[in-house]
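Show me the folded form of this:
(one chain, ligands or ions: 1)
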Amino acid sequence: MPDGSSTRLFARWVHRRLIAHYGQPTWETRYAPMEELIGTILSQHTSDVNSERAFAALMAIYTSWEAVRDAPLEQLIETIRSGGLAVVKAHRIQAVLRALTDDDGRVRLADPRGMTRTQAVATLTRLPGVGRKTAACVLLFGSHVPAIPVDTHVHRVALRLGLVAARTGPDATEDALEAALPPSDYYAFHVNMIRLGREVCKAPRPRCAACPLSTRCASVVESRAS
Ligand code: SF4
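Numbers count the residues shown, from 1 in each chain. Just a heads-up that it's a prediction; the model follows:
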């Protein structure tokens, strides 16, 4: 099992190799925190193309988050149907918007930049159906606050590499990676790990011969030893 010191050294090596291979991505804030929160809920268990289509439809039909909250459920389901799991996501979005409704009936998400990192994560994960990955996306992409969202790609690559021990869950993987890297590297690490997961370390069959990390990957070492 990797200890904190070896994880730190290994994660920094992975980061440098990915920068050398893919380059240094520019940290862009895609949306405001509220848009990022709803967009990330829509992105769960579907492709970027489908979730972006659903988000665009939502933005085109409703003029405010209060209107989304108060929309007839069937109408909202139809609006976001292209994003998949529309029934679950429509319920989840309206539950989140209701939870964020203040005494005046307005939907408000406190700006995470005005909180400590711990407070921001706690505020977001208290919302119904919002877990650590969604909270980390709101921080990283919607608030310009460093975080490493551990989606299915980041998690799979980290496990195969041996960056975290076998069967480590996504939340513990996020903790380990964030402890191993300086916050200034989080964005580039996240983006490049996802790219590696999509293009090279694919779910069904990794293309290890084309991987810039193969010399130190635990999966490669294990397969050679067996
Ligand atoms: S060497 Fe293979 S298993 Fe390891 S990270 Fe690269 S593609 Fe994935």
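
so what's the residue sitting nearest the centre point of the chain closest to, chain neighbours aside?
Against the mean C-alpha coordinate of the chain, by C-alpha atoms, centre = their mean, the closest residue is residue 149 at 3.7 Å. Distances taken as C-beta to C-beta, 6 or more residues apart in numbering put residue 136 closest to residue 149, at 3.8 Å, once the chain neighbours are dropped. The C-beta positions use only the backbone N, C-alpha and C, and glycine is treated the same way.

the longest helix in the chain is where?
Longest among the helix segments of the chain by residue count, using DSSP state H, is helix 4-22.

Could you work out the end-to-end span of stretch 70-88 for me?
Length of stretch 70-88, first residue to last, C-alpha to C-alpha, to the nearest Å: 16 Å.

returning to that earlier point: report the buried residues of the helix or strand just after the longest helix of the chain.
Past helix 4-22, further along toward the C-terminus, the next helix or strand under DSSP states H and E is helix 33-43. Using 16 or more other C-beta atoms under 10 Å as the test for burial, helix 33-43 gives 33-43.

same for helix 33-43, what does it pack against?
In terms of contacts (3 or more C-beta pairs under 8 Å, 6 or more residues apart in numbering; DSSP states H and E), helix 33-43 is packed against helix 48-61, helix 65-70, helix 86-99, helix 132-142.

what about 10 Å?
Under the contact definition 3 or more C-beta pairs under 10 Å, 6 or more residues apart in numbering; DSSP states H and E, helix 33-43 sits against helix 48-61, helix 65-70, helix 86-99, helix 117-125, helix 132-142.
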